[in-house]
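*Asks:* missing the sequence, but the structure's below:
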């Protein structure tokens with residue numbers, strides 16, 4: 001029986017690092033990696049540098065037909081088990097909501113919310129006890145974030161959806177991990193919209209190393225944890241978000257120069 005890992009946003013950044021670690025043995029017994037990304041040339045680079053066989057899917061997950069293609073590919077290989085699904089594809093734009101284009105907000109919702117739900121729905125019938133899902137959320141999900149309103153709200157959806165789904169699936173031995181990193185220097189940060197707001201976020205909380213986040217995510221998923229916050233200071237923020245009033249946490253963020 002073939003065991004595969006499916007990674008979206010696999011051609012760069014966090015997704016590419018997760019593929020590299022799977023290839024290096026950080027995830028057990030994977031016979032093939034299905035790498036999903038929009039850019040064919042980057043997917044080719046993944047194939048050339050990976051020892052485990054990689055099946056590329058050049059897809060834009062904003063297009064609903066992408067999910068049909070992936071589901072059909074799974075249905076064509078009976079007996080294949082998805083050992084790991086990593087929902088990593090995403091986009092984000094900093095700035096005032098009223099000044100952003102409707103298309104930008106729509107892209108964020110499509111990639112962060114719809115794609116996460118659709119892929120979980122399509123892949124689950126091909127999972128078994130021991131399978132895992134990693135959904136990439138963010139520390140931005142902890143409280144509503146002015147100048148990052150749609151992104152933060154979408155990531156909160158990912159966080160809550162993941163933790164609820166983990167409870168539902170735990171009795172059959174499948175676990176879902178919500179990964180909440182700080183921002184990383186990946187393709188995401190190349191198209192930030194309001195660069196002043198993005199720079200303030202960097203000064204306030206800093207960035208995390210992609211490799212560190214990828215290792216933490218795979219370790220947490222293997223352990224069956226429903227939540228992974230790689231950064232110690234953000235674990236404190238997570239705790240504070242459950243204790244302090246929203247406006248008090250916002251005041252701290254303003255003091256830090258984040259918003």
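*Replies:* Nice, thanks for sending it over. It should be emphasised that the depicted structure is a prediction, and the values quoted were computed from it without experimental measurement.

*Asks:* ok so residue 176 is a helix residue?
*Replies:* No. Residue 176: not assigned to a helix; according to DSSP: H, G, I helix; E, B strand; the rest coil it is strand.

*Asks:* how close does it get to residue 70?
*Replies:* Separation of residue 176 from residue 70 (Cβ to Cβ, to the nearest Å): 18 Å. In short, each C-beta sits where N, CA and C put it, glycine included.

*Asks:* and stretch 178-185, how far apart are its ends?
*Replies:* Taking Cα to Cα, to the nearest Å as the measure, stretch 178-185 stretches 20 Å from start to finish.

*Asks:* what lies in contact with it?
*Replies:* Residues from elsewhere that reach stretch 178-185, judged by Cβ atoms under 8 Å, 6 or more residues apart in numbering: 13-14, 134-139, 141-142, 158-159, 162-163, 189, 201-202, 205-210, 213, 216-217, 220, 226-231, 234, 238.

*Asks:* picking up where we left off before, residue 176 and residue 70 - which one has more neighbours?
*Replies:* residue 176 (27 against 21; other Cβ atoms under 10 Å).

*Asks:* nearest residue to the more buried one in space, please, no chain neighbours.
*Replies:* Residue nearest to residue 176 in three dimensions, not counting chain neighbours: residue 166, with 4.0 Å by Cβ to Cβ, 6 or more residues apart in numbering.

*Asks:* list the buried residues in the host helix or strand of residue 72.
*Replies:* Using DSSP states H and E, residue 72 maps to helix 65-75. Across helix 65-75, burial judged by 16 or more other Cβ atoms under 10 Å covers 66-67, 70-71, 74.

*Asks:* sounds good, over and out.
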